[in-house]
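J.: What would the 3D arrangement of this be:
(2 chains)
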2 protein chains.
Amino acid sequence: MRATNANVADMLAALAGGVGAARFLSGLLDVVPATEVTAIVNTGDDDKFHGLWVCPDLDSVTYHLSGNHNHETGWGLADETFRVMEGLDRFGSPTWFRLGDRDLATHLYRTERLNAGATLSEVTSEIAKAWGLEINLIPMTNDRVATRITIADNHEEQSLQEWFVKNQSTPVVESVRFENAEMAQAAPGVIEALSQAETIIICPSNPIISISPILAVPKIREVLIDRRDHVVGVSPIIAGRTVRGPADRLMDALGIEVSCVGVAATYQDFCGTLVIDSRDADLAGRVNSLGVRAVISDTMMSNSRIAAALARETVAART
Amino acid sequence: MRATNANVADMLAALAGGVGAARFLSGLLDVVPATEVTAIVNTGDDDKFHGLWVCPDLDSVTYHLSGNHNHETGWGLADETFRVMEGLDRFGSPTWFRLGDRDLATHLYRTERLNAGATLSEVTSEIAKAWGLEINLIPMTNDRVATRITIADNHEEQSLQEWFVKNQSTPVVESVRFENAEMAQAAPGVIEALSQAETIIICPSNPIISISPILAVPKIREVLIDRRDHVVGVSPIIAGRTVRGPADRLMDALGIEVSCVGVAATYQDFCGTLVIDSRDADLAGRVNSLGVRAVISDTMMSNSRIAAALARETVAART
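T.: From the prediction side, this is the model:
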């Protein structure tokens, strides 16, 4: 457990994707003050629907941390309705990406502010405050970076949401790229948070489509490599599978072993410590031999108590 | 009753505002084939809310004619909810203009299409088709014309919706202008419909803020003057009051007699016949002496049977 008096030495930074990260961060805020945490969130999944900018990972984190997420679906808000989507069906608009009525308010607000010239950082901070969050929530970049998936079958490219939601992540993937990443700038505060944090956590998110887009933004990977001893990852793979989402299929398609060893191999340049699940204790030796120190814990966050314990052990795991 | 075989000689054109026009047109479509009718709708009330283009009069007509309007409020859709608005309250967004969830689908669709380069005419036609309408529904212009209200008290200008909805049309009005009207072009089909129609109906709409903006678009008033004998107006003023809306207060503020005589005086240049309510039968002589032929009918459309009868008499009223 951290001291409650925040100072630079106590600061934590976390690289985060969607629901897995949101659950982890929720546990983290049970054990450290929210004002000590900077979460740097993937925006490669962001897309425009019906003219509105949708940031699924930022919103998943916001809705989870404010306790308003939908427990049943995992995504979106609790007590949600879909009347606007039903209305859009009349016009033949594509409504496979289901935006709830309560959720739409967020996208309307964000889009109007962006169109008025606000940066995504600014709007994200406004939205987080409106939901009562005290964590420092920032997008990886204020520039548009788009995760693009090439399908093995026909070598055609799809947006992340087309592949993940519309096609239910069934088409086998040939490759993944982050369009425009090389031109993007890390959002204000990202490099500072990573440079100053006592511990940098890589949340249990999809290594390929949640963490890699963040690392593709210039300077982020470099500062992590410099601070490798301060970086603690949490493996999203447990006993050869993901808890949710397509990380296992993506890793497999890209020739990465679907295990915490594969995660360690992906992260080894910039991650000194990897928290792996107790079900994978037998793989600790192989993780260690990659130069990544394996720490064994219960990483299956089936309730908030386990999530908090995992967060506490992750913070304590840094060398 | 008209023949069901449409040809140019049968065609009807109507200048229309919001709810009053919608009720009248609904009656009209009970007595003539929808494919014979072109409704030219005021867009001076249009405004942007939360980044979305809202066209209150076009939507009122569409929702009424498809039978989906809200009978209780008069505006918006039946069976409506306001969950997106409730969500926007969290962000401190101004939500005094209540957009329902079902209704928002229309604005999202329209805004996305406009942003993609479609004209308002094109989108209006798409929306009308999506709601199953066969009437030819066209905006007065595809250009932005904004009705602006100057308040007597402080000589400040407000948008129509600020004055009408936010301030409940209570501030006394000094003047009304139609910003950008002189630069606007009538939408495709407007001049043609007015030139060719056997009868041109001026629906029982607000003369100041529903009909005048249409007339302010170059060429529209001129073609009506040329075809004065074909023009039949319906007075929205009954026994010195409007059925709904602020027409009476506006006429009074602008020095126009609040009666069918005032309406006749406003329309006399381009309107050969005015249908007035039987409650105003004693004013027929004064209307006639303005050179506008008064026709007496029941204009209080308290049910669809009366609306249909009024429409039938209006069509028959032309000289």
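
J.: residues contacting the closest residue to A:Leu88 other than its chain neighbours?
T.: Nearest non-adjacent residue to A:Leu88, counting by Cβ to Cβ, 6 or more residues apart in numbering or on different chains: B:Ala105, 4.6 Å away. To be clear about C-beta, it is placed using only N, CA and C from the backbone, and glycine gets the same treatment. By Cβ atoms under 8 Å, 6 or more residues apart in numbering or on different chains, the residues touching B:Ala105 are A:84-88, A:90-91, A:93.

J.: Could you pick out the residues of the stretch 51-200 of chain A near chain B for me?
T.: A:51-52, A:81, A:83-88, A:90-93, A:101-106, A:108-109, A:111-112, A:115, A:126-127, A:130-131 (Cβ under 8 Å from any Cβ of the partner chain).

J.: Filter these down to the buried ones.
T.: A:51-52, A:81, A:83-85, A:87-88, A:91, A:93, A:101-106, A:108-109, A:111-112, A:126-127, A:130-131 (16 or more other Cβ atoms under 10 Å in any protein chain shown).

J.: From those, which land in strands?
T.: The members of those that map onto strands under DSSP state E are A:Leu52.

J.: still on that earlier bit, show me the residues of the stretch 51-200 of chain A next to chain B that map onto helices.
T.: Counting by DSSP state H, these place A:83-88, A:101-106, A:108-109, A:111-112, A:115, A:126-127, A:130 in helices.

J.: Sketch out the low-pLDDT regions of the stretch 1-150 of chain A for me.
T.: By pLDDT under 70, the weakly predicted segments of the stretch 1-150 of chain A are A:1-9.

J.: residue boundaries of the strands in it?
T.: Assigned by DSSP state E, counting those that start in this stretch, the stretch 1-150 of chain A shows strands spanning A:12-16, A:37-41, A:47-49, A:52-54, A:136-139, A:146-151.

J.: Show me what the first one is packed up against.
T.: Read it as strand A:12-16. Identification of packing neighbours for strand A:12-16 by 3 or more Cβ pairs under 8 Å, 6 or more residues apart in numbering or on different chains; DSSP states H and E yields helix A:19-31, strand A:37-41, strand A:199-202.

J.: Give me the sheet partners of it and which way each runs.
T.: Applying DSSP bridges, strand A:12-16 is found paired with strand A:37-41 (parallel), strand A:199-202 (parallel).

J.: how big is the angle separating it from helix A:19-31?
T.: Calculated by axes from the mean of the first three to the mean of the last three Cα atoms, to 10 degrees, strand A:12-16 forms an angle of 160 degrees with helix A:19-31.

J.: ok, A:Arg293 - contacts?
T.: Listed by Cβ under 8 Å, 6+ apart, the contact partners of A:Arg293 are A:272-274, A:287, A:319.

J.: try 7 Å this time
T.: Going by Cβ atoms under 7 Å, 6 or more residues apart in numbering or on different chains, A:Arg293 touches A:272-273, A:319.

J.: residue contacts, whichever residue of the stretch 201-319 of chain A sits closest to chain B?
T.: Closest residue of the stretch 201-319 of chain A to chain B, Cβ to the nearest Cβ: A:Ser304 (23.9 Å). Going by Cβ under 7 Å, 6+ apart, A:Ser304 touches A:26-27, A:30.

J.: Next, it: phi, psi?
T.: Note on A:Ser304: its backbone torsions stand at phi -70, psi -30 [degrees, to the nearest 10].

J.: before we move on, what about the one 3 residues further on?
T.: Note on A:Ala307: its backbone torsions stand at phi -60, psi -40 [degrees, to the nearest 10].

J.: So which bits of stretch A:47-59 are buried?
T.: Neighbour-count burial for stretch A:47-59, counted by 16+ other Cβ under 10 Å, picks out A:47, A:49-59.

J.: That stretch spans what distance, first to last residue?
T.: 13 Å (Cα to Cα, to the nearest Å).

J.: Ok, stretch A:281-293 next?
T.: In stretch A:281-293, first residue to last residue: 12 Å (Cα to Cα).

J.: distance between it and the chain's centre?
T.: Taking Cα atoms, centre = their mean, to the nearest Å, the mean C-alpha location of stretch A:281-293 is offset from the chain mean by 24 Å.

J.: Show me which positions of that stretch end up buried.
T.: A:283-284, A:286-287, A:290, A:292-293.

J.: Same question for stretch A:184-192.
T.: Buried-residue list, stretch A:184-192, by 16+ other Cβ under 10 Å: A:184, A:186-187, A:190-191.

J.: didn't A:Ile276 look like it was pressed against A:Ala294?
T.: Yes: the pair A:Ile276 and A:Ala294 qualifies as a contact (Cβ atoms under 7 Å) at a distance of 5.3 Å.

J.: what do those two both touch?
T.: The contact sets of A:Ile276 and A:Ala294 overlap at A:284, A:287 (Cβ under 7 Å, 6+ apart).

J.: And the two? Which one has more around it.
T.: Counted by other Cβ atoms under 10 Å in any protein chain shown, A:Ile276 and A:Ala294 do not tie: A:Ile276 has more neighbours, with 26 against 23.

J.: Skipping its backbone neighbours, what lies nearest the more buried one in space?
T.: Excluding its sequence neighbours, the residue lying closest to A:Ile276 (Cβ to Cβ, 6+ apart) is A:Cys260, at 4.0 Å.

J.: Next, work out how far apart that neighbour and A:Ser297 are.
T.: Computed as Cβ to Cβ, to the nearest Å, the A:Cys260 to A:Ser297 distance reads 11 Å.

J.: neighbour-wise, which of those two wins?
T.: Neighbours per residue (other Cβ under 10 Å) separate A:Cys260 from A:Ser297, with A:Cys260 holding more: 31 against 20.

J.: What are the phi and psi values at the more buried one?
T.: Dihedral angles for A:Cys260 - degrees, to the nearest 10 - are phi -60, psi -20.

J.: isn't it right next to A:Pro236, touching?
T.: No: contact criterion Cβ under 7 Å: A:Cys260 and A:Pro236 do not qualify, at 9.0 Å.

J.: Parallel or antiparallel, which strands does the strand or helix carrying A:Ile276 pair with?
T.: Assessed by DSSP states H and E, A:Ile276 sits inside strand A:273-277. If you go by DSSP bridges, strand A:273-277 pairs up with strand A:231-234 (parallel), strand A:293-297 (parallel).

J.: could I get those strands as a markdown table with distance to B:Cys203?
T.: Listed next are the strands paired with strand A:273-277 as a markdown table, based on distance: least, Cβ to Cβ, whole Å:
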| stretch | distance to B:Cys203 |
| --- | --- |
| strand A:231-234 | 66 |
| strand A:293-297 | 72 |
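
J.: Any chance of a markdown table for those, columns distance to B:Gly74 and mean pLDDT?
T.: As requested, those are exported to a markdown table (distance: least, Cβ to Cβ, whole Å; pLDDT from 0 to 100):
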| stretch | distance to B:Gly74 | mean pLDDT |
| --- | --- | --- |
| strand A:231-234 | 57 | 98 |
| strand A:293-297 | 62 | 98 |
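
J.: Quick one: closest of those to B:Leu215.
T.: With Cβ to Cβ as the criterion, B:Leu215 lies closest to strand A:231-234 of the strands paired with strand A:273-277, at 68.2 Å.

J.: Against chain B, how distant is A:Trp75?
T.: 16 Å (Cβ to the nearest Cβ, to the nearest Å).

J.: ok, that residue - how many residues close by?
T.: Residues near A:Trp75, counting by other Cβ under 10 Å, number 21.

J.: shouldn't it be in contact with A:Ser60?
T.: Yes: counting by Cβ under 7 Å, A:Trp75 touches A:Ser60, with 6.3 Å between them.

J.: Quickly list what's touching both of the two.
T.: A:Val19.

J.: ok so, going back, let's have the contacts of A:Ser304 in JSON lines, adding distance to chain B and neighbour count.
T.: Formatted as JSON lines, these follow (distance: Cβ to the nearest Cβ, whole Å; neighbours: other Cβ atoms under 10 Å in any protein chain shown):
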{"residue": "A:Ser26", "distance to chain B": "20", "neighbour count": "20"}
{"residue": "A:Gly27", "distance to chain B": "25", "neighbour count": "21"}
{"residue": "A:Asp30", "distance to chain B": "24", "neighbour count": "15"}
